[in-house]
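**Q** Following is a predicted model, sequence given first.
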Amino acid sequence: MNNYLAESTHSSPKIYLDAQQGTLLIVGRSIPENAMRIYKPVMEWVEQYLVKPKKRTTITIQLSFFNTSTSKYLMELLKSFEDIYKQGFDVIVNWHCDDEDILDIVQDYKALVKVPVNIIANIPKE
């Protein structure tokens with residue numbers, strides 16, 4: 001299975017998906033006008049990966065900002081790993097938050113999905 005790389009732009013994040021290492025990285029800003037164009041290839045890659053996943057999959061998300069349409073795909077991404085997690089595979093989500101609003105959203109996600117979500121809050125103190 002091939003790895004997947006999409007470089008960041010002013011409105012889309014860097015996305016690097018590594019099948020051999022079992023790592024998924026999404027970093028930057030995600031405010032595309034057409035989120036499906038950005039995330040459909042990601043979801044297709046994940047679908048293929050889940051056929052024969054690594055024993056441990058690590059998902060790292062570090063988005064400084066994301067829009068509502070991105071939010072839908074992020075939730076779909078996390079939910080897609082629930083079945084393999086229930087089967088005994090290690091799925092670790094490390095979500096870095098630099099903003100109070102994003103932290104609130106991620107806490108909601110954590111309550112809604114059945115995979116472990118480690119929230120790494122780097123919110124500056126006022």
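**A** Everything's here; your move.
**Q** In the strand or helix carrying Asn118, which residues are buried?
**A** Asn118 belongs to strand 117-121 when elements are defined using DSSP states H and E. For strand 117-121, burial by neighbour count (16 or more other C-beta atoms under 10 Å) applies to Val117. Quick note: C-beta positions are derived from backbone N, CA and C, even for glycine.
**Q** Tell me which strands it pairs with, and in which orientation.
**A** strand 90-97 (parallel) (DSSP bridges).
**Q** quick one: buried residues of the strand it pairs with?
**A** For strand 90-97, burial by neighbour count (16+ other C-beta under 10 Å) applies to Val91, Ile92, Val93, Trp95, His96, Cys97.
**Q** Export those as JSON lines, with columns for distance to Phe65 and pLDDT.
**A** Shown next, in JSON lines, are these (distance: C-beta to C-beta, whole Å; pLDDT from 0 to 100):
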{"residue": "Val91", "distance to Phe65": "25", "pLDDT": "98"}
{"residue": "Ile92", "distance to Phe65": "24", "pLDDT": "97"}
{"residue": "Val93", "distance to Phe65": "19", "pLDDT": "98"}
{"residue": "Trp95", "distance to Phe65": "14", "pLDDT": "97"}
{"residue": "His96", "distance to Phe65": "13", "pLDDT": "96"}
{"residue": "Cys97", "distance to Phe65": "11", "pLDDT": "93"}
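**Q** Now distance to Pro116 too, for the residues you listed, in TSV please.
**A** Compiled in TSV, the buried residues of strand 90-97 are given as follows (distance: C-beta to C-beta, whole Å):
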residue	distance to Pro116
Val91	7
Ile92	6
Val93	6
Trp95	11
His96	15
Cys97	16
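**Q** Now stretch 31-43 - C-alpha only, PDB.
**A** What follows is stretch 31-43, C-alpha atoms only, in PDB (Å, rounded to 0.1, in the frame of the first residue of the first chain):
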ATOM      1  CA  ILE A  31     -10.600  25.800   5.800                       C
ATOM      2  CA  PRO A  32     -11.100  24.600   2.200                       C
ATOM      3  CA  GLU A  33     -14.100  25.700   0.200                       C
ATOM      4  CA  ASN A  34     -14.500  22.000  -0.900                       C
ATOM      5  CA  ALA A  35     -13.500  19.800   2.000                       C
ATOM      6  CA  MET A  36     -14.500  16.700   0.000                       C
ATOM      7  CA  ARG A  37     -11.700  17.400  -2.500                       C
ATOM      8  CA  ILE A  38      -9.200  17.300   0.400                       C
ATOM      9  CA  TYR A  39     -10.600  14.500   2.500                       C
ATOM     10  CA  LYS A  40     -12.100  12.100   0.000                       C
ATOM     11  CA  PRO A  41      -8.600  10.700  -0.900                       C
ATOM     12  CA  VAL A  42      -7.800  10.500   2.800                       C
ATOM     13  CA  MET A  43     -10.900   8.500   3.500                       C
END
